[in-house]
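A.B. asks: Here is a sequence with its predicted model. Questions after.
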Amino acid sequence: MQVLLLRLAATLLLCSWPVPCRGTAAPGTDAGAVKIRLAGMKRTHHEGRVEIFYQGAWGTVCDDDFNIHSATVICKQLGYEGALNWAHSAKYGQGTGTIWLDNLSCRGEETSVESCTSNGWGIHDCRHSEDVGVVCTEKRRAGFENKEAFQDLQRQNKVEEVRLRPMLASARKRNPVTEGVVEVRYQGKWKQVCDANWNLNNSRVVCGMLGFPAELPVNMKIYRKLWDQKMKNPKARLYSATRKRSFWVHQVGCSGTEPHMSECRLRVSAGKKVHPCERGMHAIVSCVAGPAFSQGTGSRFRKAYRAEQPLVRLKGGAQIGEGRVEVLKNGKWGTVCDDRWNLLSASVVCRELGYGSAREALAGARLGQGMGPIHMNKVACVGFERSLTDCSFHEASGSCRHEEDAAVRCNLPRTGVHSKIRLRGGRVPTEGRVEVLVEVNGQRQWGTVCSAGWKLTEAMVVCRQLGLGFAEHAMQETWFWQSNTTLEEVVLSGVACSGTELSVLECSHNVGRVECPKGGARFAAGVTCTESTPDLVLDAQLAQESAYLEDRPLHMLYCAHEEGCLAKSADAMSWPYGHRRLLRFSSQIHNIGRTDFRPRAGRHAWVWHSCHAHYHSMEVFTHYDLLTLNGSKVAEGHKASFCLEDSDCERGIYKEYACANFGDQGISVGCWDLYRHDIDCQWIDITDVKPGNYVFQVHINPNNEVAESDFSNNMMKCRCRYDGFRIWMYGCHLGDAFSTAIEDQFEHQAALAGNIS
């Protein structure tokens, strides 16, 4: 006891000097074991009581000497861009356990609180009534991944990764490799696993880590024959390797639900007196590839997992196998609240969609917020469910908001597609001229891609293939990027992608010939990639509720006529006498993505409109159309151009863009731009339209001028009936809001209504 008091007194004496006194880790404690979370009575995911995990236990931080710089370090360590504020006196409720840090002082530049000064771990004179809290920014740090899920387990078991080494000639030809010998990277060295007590649950975990949704039994006769042949040859490399204890992991025991082998029971050594894997051989695993990676029809996967109607999807992810989780309920897509969201439930989602187990279970709308209903909360899966909808869950209550939408990142198979494409000449690694590796006259050769018809859709596939996120720009001229003149030959032309391909070589393109009239030197295709993009969505309910007809006198339409907002028949009228019949409505456009939506044109290219007395930054931002039931256009909005600004924002987010006084234009994340029904040109001129049934359609960013994470939700459709005097608008919905069956039903009912009328 006296020794402990002396050590404490010495520490306090040292800390009284004006020299930083850093808390030091206890002997044998890994500094990387320190983790942080926000807890307590919080309103949003980015605020709460600061809790620190140290020496196997969670504790709190005292508010003595705490400042905004310390809050910034904590928020950045949690993956946010910074701190907005901090709170003293247990604003988020009193914590329990040890108060780990007191008098914490950071400069704001540290990457972890471990680098800041304090009294030392567990040394304090505080009570839990002084627990500190922080409020972080809503925005996440670009590219930040929470890799803490397996860190503590990996420190214990030291299992880093697994791989399959194909043994049969047929297995070597497959891409990706789905069958072979299991090899485990343990404490930095690759080892093989003894097949003693190996079972399909172990195989399931291995397959999940490798990006495969399911496992298959293996015909061991041929593998046993190969093993016996090599064991009879003392000169064989495998023979000598198996005699070494360092070659083996003796036994693995998994339940089958683990997302990583680190969670399984692992026995590395068989013991000093026991020969390693004496009567066994190396474990063999066979996996089932999901549809996106299957070289055949993928029927094995569909029989095992897929229902006829997909019930789960991922939205807003930069890569395949990641995104916001959305489930289908009563024909309508909705999100999942992140309460109790974990790797077990996330892995069910990943396997259901044809991927492996979950690499990350993301909370707090990390991959963008959804719109519409929140269908599920407090999801609890066993791990063997075929669908997330089979898991136990609660109905989402009013306490769940879209800022708590759950997301996943799944394990994917290694296909090697990234090695067949590269960017050259750019200022940074995320931009450059696209070069692909193809076979020309029997030889593999690098060359450029013809830029004729090169669009953002093709660029999206390139950036995804390279693992660089989304495409920000698709370049049709790349003369400003330095290039290797020996690689200016065009080897790929006529590229047209749907946007879902894993490789640009999977896109439609000219086969057996290259057609590029402008050549590939100056006009080689290029891209710039980005980790995050905006995502615009229209409020369909507001558009439906705000729609009405107005007969507006011509003398009030001079400005609108000047800007071309009326149908052509208005030119022949006797101005200022008469009127035009206008279908008016409000258009509220939300940015639910992860970065601000900014116009493609710079300030120098904005156009001044004297009628509206502000600059317009985009000539084509939204199309308004009235269509017949067979899709023919009978009327359209003639809104010449748009000024983009933050009309309003969600709680805790401040407006950044405004049109007034030549202000900066855009739509911030979490904000919306509202074009009210009563402003000029916010209408469709239907003066010449006959009574009948129609489809009203609004299309945001119709030319895909600005990159978005998801273009499928940019269109809204409504059914519309006009009797010559009144108009009824109903069934308004986004293009991806309903199931395919209900969308087909919408079209079918519209067609029937047209036939009846």
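C.D. replies: That came through, no problem. Since the structure is predicted, the reported quantities are computational estimates derived from the model, not experimental observations.
A.B. asks: Give me the secondary structure label for Pro176.
C.D. replies: Using DSSP: H, G, I helix; E, B strand; the rest coil, the structure places Pro176 in coil.
A.B. asks: got the contact list for the closest residue to Met460 other than its chain neighbours?
C.D. replies: Leaving aside its sequence neighbours, Met460 sits nearest to Ala471 (Cβ to Cβ, 6 or more residues apart in numbering; 4.5 Å). C-beta: built from backbone N, CA, C; applies to glycine. Taking Cβ atoms under 8 Å, 6 or more residues apart in numbering as the contact definition, Ala471 lies against 456, 459-460, 462-463, 527-530, 707.
A.B. asks: for Leu367, same thing?
C.D. replies: Residues near Leu367 by Cβ under 8 Å, 6+ apart: 316-317, 322-324, 407, 594.
A.B. asks: which residues touch stretch 595-602?
C.D. replies: Residues outside stretch 595-602 that contact it (Cβ under 8 Å, 6+ apart): 530, 532-534, 536, 591, 606, 617-618, 644, 656-657, 665-669, 705-706, 708.
A.B. asks: Can I get that stretch in CSV, CA atoms only?
C.D. replies: Taking Å, rounded to 0.1, in the frame of the first residue of the first chain, the C-alpha atoms of stretch 595-602 are listed here in CSV:
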residue,chain,number,x,y,z
THR,A,595,-21.2,16.0,-49.9
ASP,A,596,-22.7,19.2,-51.0
PHE,A,597,-24.3,19.4,-54.4
ARG,A,598,-22.5,22.1,-56.4
PRO,A,599,-23.2,23.4,-59.9
ARG,A,600,-20.9,22.1,-62.6
ALA,A,601,-20.2,25.6,-64.0
GLY,A,602,-18.0,28.0,-62.2
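A.B. asks: picking up where we left off before, could I get the contacts of Ala471 in JSON lines, plus columns for pLDDT?
C.D. replies: Output for those, formatted as JSON lines (pLDDT from 0 to 100):
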{"residue": "Leu456", "pLDDT": "93"}
{"residue": "Ala459", "pLDDT": "95"}
{"residue": "Met460", "pLDDT": "95"}
{"residue": "Val462", "pLDDT": "96"}
{"residue": "Cys463", "pLDDT": "95"}
{"residue": "Val527", "pLDDT": "95"}
{"residue": "Thr528", "pLDDT": "95"}
{"residue": "Cys529", "pLDDT": "94"}
{"residue": "Thr530", "pLDDT": "92"}
{"residue": "Ala707", "pLDDT": "92"}
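A.B. asks: any idea whether the residue nearest in space to the middle of the chain is helix, strand or coil?
C.D. replies: Centroid-nearest residue in the chain, with Cα atoms, centre = their mean: Gly317, separated by 2.5 Å. Counting by three-state DSSP, the backbone at Gly317 sits in coil.
A.B. asks: thinking again about what came up before, distance of the residue nearest to Met460 relative to Thr530?
C.D. replies: Distance check for Ala471 against Thr530: by Cβ to Cβ, to the nearest Å, it reads 8 Å.
A.B. asks: between the two, what contacts are shared?
C.D. replies: Common neighbours of Ala471 and Thr530, counting by Cβ under 8 Å, 6+ apart, are 463, 707.
A.B. asks: just to revisit the earlier point, so how do I select the buried members of the contacts of stretch 595-602 in PyMOL?
C.D. replies: In PyMOL, this line selects whichever of those come out buried by 16 or more other Cβ atoms under 10 Å:
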select buried, resi 530+532+533+534+536+591+606+617+618+644+656+657+665+666+667+668+669+706+708
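A.B. asks: how about Gly364, what does it touch?
C.D. replies: Applying Cβ under 8 Å, 6+ apart to Gly364 gives the contacts 45-46, 338, 403-404.
A.B. asks: so where's the stretch 51-200 of the chain shaky on pLDDT?
C.D. replies: Scanning the stretch 51-200 of the chain for pLDDT under 70 picks out 142-158.
A.B. asks: mind redoing it with 50?
C.D. replies: Applying pLDDT under 50 to the stretch 51-200 of the chain flags residues 147-156.
A.B. asks: With the stretch 301-450 of the chain instead?
C.D. replies: Where the stretch 301-450 of the chain drops to pLDDT under 50, the residues are 303, 306-307.
A.B. asks: now the helices for it?
C.D. replies: For the stretch 301-450 of the chain, helices defined by DSSP state H, counting those that start in this stretch occupy the ranges 343-352.
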